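Enquirer: My questions concern the predicted model and sequence given below.
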Amino acid sequence: MAVATLVEGAVPVDLAMRPCYPRAMATVLGSRAPRDPLLDVKELHVSYGAIIALRGVSLSVGKGEVVALIGANGAGKTSTLRAVSGMLKPTRGTITLDGGEVTGLKANQLVPRGMAHAPEGRGIFLNLSVAENLDLGAYLRRDKPEIERDREQCFTLFPILKERYQQRAGTLSGGEQQMLAISRALMSRPRLLLLDEPSLGLAPQVIERIFSILREINAKGVSILLVEQNAHLALGMCHYAYVLETGELVMEGGGKELLKSPEIRKAYLGE
Amino acid sequence: MAELVQHIINGVAAGTIYALVALGYTMVYGVLKLINFAHGDVMMVGCYAGYASAHTMGREHSTSFLGVTVVFLVAMGMCALIGFLVERFAYRPLREKPRLVALITAIGVSFAISYGFQLKLGVGALTILPGASPRAFPEVITPSDWLVVGDPSYPDIVLRNTQVISVLIAVALMAALQVLVFRSRFGVAMRAVSFDHRTSALMGIPVDRVIALTFMLGSALAAGAGILYAIKDTRIEPLMGTQVGLKAFVAAVIGGIGHVPGALVGALLLGLVEEFVVGYGSSTWRDAVAFGFLIVVLLFKPEGLFGRVTAEKV
Ligand SMILES: Nc1ncnc2c1ncn2[C@@H]1O[C@H](COP(=O)(O)OP(=O)(O)O)[C@@H](O)[C@H]1O
Ligand SMILES: [Mg+2]
């Protein structure tokens, strides 16, 4: 499967050439419990040079929620996460984190505010050891004993990381790298965890294991914005979901409701 | 046999100086994937800063231990500052532009410094730009022979104090760098940035600051090398940075650019090769052989002796 890289090119021409027209409202299925938003994204626009990747995406993640963002390859899921975590500057729109506006802040400024982003492709530093990768997750923290404790917690979640602790991260398997990516993100003690396709390229048992741990993490109070191409998985575990199509939201609703929707079943669940 | 030993001594002494300069190329390449062609010229400015500080202190003071330390520190501080300015104003604005743009800028910065220094500019007694003619570098370390083997008037082997001190200083600086890169929090950040600066920012690493500090560090090492070179060569001139810089760059490429111990090995090899060419052949062949050596290495191992072929991430 082709994975978008951070270089220009390989862009569907129709997306770039498409004229602007008033956007239709996304279909809303079911209703959402009133919530205290941790992340609130309004009218987000993102471009790569002349290529428009997002045109007015609005979504929110409540405290303690798991929110899924699904959509086909190239829909703009990764771009959404990149803009939220400060890797990209949005051309328009606002991003609010726990009531404070954070639009335009850089990624390293958002980490201390509780944002952690396990990026597309896992973003493991393959030249560093597993230990160093984990330490980097806690780069801005100074509370040594607490860091130690969080590291032990990661080992409880993923015992394999303890065995591989002194190894170069480049020697890990794909599943182990994903576990490291999630653990490393947790090492910053985030309130909001952004995950970009954690299931990609992994064996079914590994995926199951990772998702059950994501539920555990969420149960401890970490809110999650989960990007997945595997709609079954994502809709099965989330409280609320958004469906993205060529840079725009086309549908949103509770995970259960979307799973039942005939359109979703046809377009994303292969029926 | 004695002659061979003598050449090895000279080659190692020269090689360690190249190594200090080569480390700067390699470090900057590591974090920015940019060949900083101005690196040698920054070193040259460091030499002039050392020259100025030695003269300001006067002969009796500049040759004392404290005086030598001051000469080194002034040169290193000056170069760190210039490295910072070059990165901040020449390279940072081009960070997201194609690498070629930054490369051409680097060549431009190199010319601007080396030719700028050939102008003569002063206000009253204060010299701002020194002019093109070479200047004698003060004897900040009074030369003497530490070890003489054979007849003193026709010695077989001579080991000069400046050679020993030069090697010791170079090794100490490299050891400090090694500890910094592999044992410190900043070092981990630096290696993370060199692998993937976008993901590094997601860890909370202030990428801009790490890159700036890397530049300053590499430049300071070059200043140390510059002073050692000036002591050995006893003279400085505005174009010296281009010559020494180019050799050190060759050394870094031979070792595998981006690879810290590789830079050391490449530099030692280059120092020895040059010394042997001069000793057993002719000095006119020195540069030709140095670059020939580079070509041979690149033909058989394009990534350098220690460089890894890094698989492109997908
Ligand atoms: N670095 C980039 N440069 C140019 N275009 C890009 C870049 N990254 C993504 N795009 C384009 O933006 C659109 C959205 O991509 P992306 O956010 O990666 O989608 P998804 O994660 O849903 O697959 C696609 O058309 C893609 O080609
Ligand atoms: Mg993606």
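Expert: Looks like it came in fine. For clarity, every value in this text was computed on a predicted model and none was experimentally measured. Numbering: from 1, shown residues only, chains lettered A, B, ... in the order given. Ligands and ions are numbered 1, 2, ... in the order given.
Enquirer: List the buried residues of the stretch of helix or strand A:Val206 belongs to.
Expert: If you go by DSSP states H and E, A:Val206 is part of helix A:204-219. Neighbour counts over helix A:204-219 (16 or more other CB atoms under 10 Å in any protein chain shown) mark A:Val206, A:Ile207, A:Arg209, A:Ile210, A:Phe211, A:Ile213, A:Leu214, A:Ile217, A:Asn218 as buried. For glycine as for every other residue, the C-beta is placed from the backbone atoms N, C-alpha and C.
Enquirer: Switch those residues over to CSV; also include distance to A:Asp196 and pLDDT.
Expert: Converted to CSV, the buried residues of helix A:204-219 look like this (distance: CB to CB, whole Å; pLDDT from 0 to 100):
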residue, distance to A:Asp196, pLDDT
A:Val206, 17, 92
A:Ile207, 15, 94
A:Arg209, 18, 92
A:Ile210, 13, 93
A:Phe211, 15, 95
A:Ile213, 17, 94
A:Leu214, 13, 96
A:Ile217, 16, 95
A:Asn218, 17, 96
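Enquirer: tell me the strands in chain B, going along the chain?
Expert: Assigned by DSSP state E, the strands in chain B fall at B:120-123, B:126-130, B:135-136, B:145-149, B:157-160, B:235-236.
Enquirer: mind checking which of the ones you listed is nearest ligand 2?
Expert: The minimum distance between ligand 2 and those falls on strand B:126-130, with 53.4 Å, by CB to the ion.
Enquirer: other SSEs contacting that closest one?
Expert: Packing partners of strand B:126-130 (3 or more CB pairs under 8 Å, 6 or more residues apart in numbering or on different chains; DSSP states H and E): strand B:120-123.
Enquirer: mind listing what's buried in the strand it packs on?
Expert: Under the neighbour-count criterion of 16+ other CB under 10 Å, strand B:120-123 has nothing buried.
Enquirer: Over to stretch B:69-82?
Expert: Neighbour-count burial for stretch B:69-82, with 16+ other CB under 10 Å as criterion, is recorded at B:70-82.
Enquirer: So which bits of chain B are right by chain A?
Expert: Residues of chain B lying close to chain A by CB under 8 Å from any CB of the partner chain are B:185, B:188-189, B:191-192, B:194-196, B:198-207, B:313-314.
Enquirer: Of the residues you listed, just the buried ones, ChimeraX syntax please.
Expert: In ChimeraX, this line selects whichever of the residues of chain B next to chain A come out buried by 16+ other CB under 10 Å:
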select /B:188,189,191,192,194,195,196,199,200,201,202,203,204,205,206,207
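Enquirer: What distance do you get for B:Leu264 to B:Lys33?
Expert: 21 Å (CB to CB, to the nearest Å).
Enquirer: neighbour-wise, which of those two wins?
Expert: Looking at B:Leu264 and B:Lys33 with other CB atoms under 10 Å in any protein chain shown, you find the greater number of neighbours at B:Leu264, namely 26 against 13.
Enquirer: Could you find the closest non-adjacent residue to that one?
Expert: B:Ala19 (4.7 Å; CB to CB, 6 or more residues apart in numbering or on different chains).
Enquirer: Nothing else from me, thank you.
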